[in-house]
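Colleague: The amino acid sequence is not available; the structure is as follows:
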Ligand code: XMP
């Protein structure tokens with residue numbers, strides 16, 4: 001009979017035995033899986049675990065500060081690395097989705113490797129891999145994904161030569177959440193929607209600039225806050241906004257405007273493999289649209305994505 005408490009006790013004592021006095025490094029994404037995995041390892045070995053949380057400049061508004069703060073409150077030995085400029089430089093001039101993904105993955109690996117090198121004698125790499133990732137062999141979410149998709153590139157960075165420890169690799173998402181709650185990880189992390197590793201870069205169609213990121217962060221923030229304030233957030237599996245590479249004509253007072261269009265996306269899903277668009281209330285959508293257009297400079301039109309997966313995907317890139 002599985003209970004999260006039994007799982008936690010067994011896992012922590014296994015980890016203690018396996019890792020002993022060795023040091024572990026692990027990348028955190030702000031998501032559920034890496035946070036729960038890190039907390040279990042922390043229970044077992046404390047500050048011999050060093051967590052690395054990277055600001056790639058593609059996170060949600062205030063997310064870096066808020067999540068880093070949560071991690072510190074949870075007692076994790078976490079290093080925050082502000083690498084925004086490094087990622088923006090790597091993305092400069094790129095508009096092809098796969099090229100953007102590759103540039104982000106490569107930069108993440110470089111940043112992470114730099115940090116791992118600062119930990120003397122580190123022997124293990126912690127990962128938040130969960131059971132479905134093991135079956136699929138390529139995980140779609142979190143830093144682990146970025147690492148895996150680059151496995152075959154050759155010339156492995158040093159941290160990838162470390163032994164791997166994956167305390168969640170027998171669990172499904174629901175089990176991970178249950179364990180996370182039993183570990184008293186804050187609800188803002190446990191209940192968090194999935195968020196892609198490349199972040200807002202794959203929700204800004206075309207090339208990435210810090211200005212576009214700032215615009216999309218504002219739009220996304222209004223949408224996500226609206227979902228939370230209206231009790232809709234937990235009914236949605238994933239939501240976000242997309243900055244489209246087109247402008248449309250509008251009118252503001254007596255003035256003609258020619259500004260950007262954003263698309264809102266909200267889906268229900270079990271595992272991200274298939275998804276349905278959420279029938280959000282018209283009134284909610286109307287209010288959110290008004291708020292976005294009134295508050296976010298440079299946006300004069302909002303559309304709602306009513307495509308399901310398949311044949312559409314959840315992300316637009
Ligand atoms: P799609 O767009 O393929 O998304 O329907 C399915 C799930 O995967 C996430 N996703 C990604 N996650 N790196 C990630 O870590 C990526 O490159 C990536 N692309 C999509 C997406 O947010 C959704 O949860």
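Modeller: Received the coordinates, thanks. Predicted, not measured: the structure shown is a model, and the values here were computed from it. Numbering: from 1, shown residues only.

Colleague: And the residue nearest the centre of this structure?
Modeller: The residue lying closest to the centre of the chain (C-alpha atoms, centre = their mean) is residue 195, at 3.6 Å.

Colleague: That residue falls within a strand, correct?
Modeller: No. Secondary structure assignment (DSSP: H, G, I helix; E, B strand; the rest coil) places residue 195 in coil, not in a strand.

Colleague: so how far is the ligand from the nearest residue to it once chain neighbours are set aside?
Modeller: The spatially closest residue to residue 195, leaving aside those adjacent along the chain, is residue 31, at 6.5 Å (C-beta to C-beta, 6 or more residues apart in numbering). For glycine as for every other residue, the C-beta is placed from the backbone atoms N, C-alpha and C. The gap separating residue 31 from the ligand is 9 Å, by C-beta to the nearest ligand atom, to the nearest Å.

Colleague: do the same with residue 10
Modeller: The spacing between residue 10 and the ligand, counted by C-beta to the nearest ligand atom, is 29 Å.

Colleague: for that residue, helix, strand, or coil?
Modeller: Secondary structure for residue 10, judged by three-state DSSP, is helix.

Colleague: burial count for it?
Modeller: By other C-beta atoms under 10 Å, the residues close to residue 10 number 10.

Colleague: and if you look at residue 86?
Modeller: Count around residue 86 with other C-beta under 10 Å applied: 19.

Colleague: ditto for residue 1
Modeller: The tally of other residues near residue 1 (other C-beta under 10 Å) stands at 3.

Colleague: picking up where we left off before, list the contacts for the residue nearest to the centre of the chain?
Modeller: Residues near residue 195 by C-beta atoms under 8 Å, 6 or more residues apart in numbering: 29-31, 60, 141, 238, 240.

Colleague: any chance of the residues you listed in TSV, plus distance to residue 251 and secondary structure?
Modeller: Below are the contacts of residue 195 laid out as TSV (distance: C-beta to C-beta, whole Å; DSSP: H, G, I helix; E, B strand; the rest coil):
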residue	distance to residue 251	secondary structure
29	42	coil
30	39	coil
31	41	coil
60	31	coil
141	41	coil
238	33	strand
240	28	strand
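
Colleague: measure residue 315 to residue 294 for me?
Modeller: Distance of residue 315 to residue 294, computed by C-beta to C-beta, to the nearest Å: 27 Å.

Colleague: higher neighbour count, those two?
Modeller: Applying other C-beta under 10 Å to residue 315 and residue 294 shows that residue 315 carries more neighbours, namely 16 against 10.

Colleague: Skip the chain neighbours and tell me the closest residue to the more buried one.
Modeller: Closest to residue 315 by C-beta to C-beta, 6+ apart is residue 202, at 5.2 Å.

Colleague: Quick check, that neighbour in contact with residue 98.
Modeller: No. If you go by C-beta atoms under 8 Å, residue 202 and residue 98 don't touch, sitting 10.0 Å apart.

Colleague: What number of residues are in the vicinity of the closest residue to residue 85 other than its chain neighbours?
Modeller: Among residues not flanking residue 85 along the chain, residue 57 sits closest, at 7.4 Å (C-beta to C-beta, 6+ apart). Residue 57 has 21 neighbours, counted by other C-beta under 10 Å.

Colleague: List the residues that contact residue 57.
Modeller: Going by C-beta under 8 Å, 6+ apart, residue 57 touches 83-85, 87-88, 210, 213.

Colleague: one more time with 7 Å
Modeller: Counting by C-beta atoms under 7 Å, 6 or more residues apart in numbering, residue 57 makes contact with 84, 87-88, 213.

Colleague: Next: residue 261.
Modeller: Residues near residue 261 by C-beta under 7 Å, 6+ apart: 244, 246, 248, 301, 303.

Colleague: restrict those residues to those near the ligand?
Modeller: With C-beta under 6 Å from any ligand atom as the criterion, these include none near the ligand.
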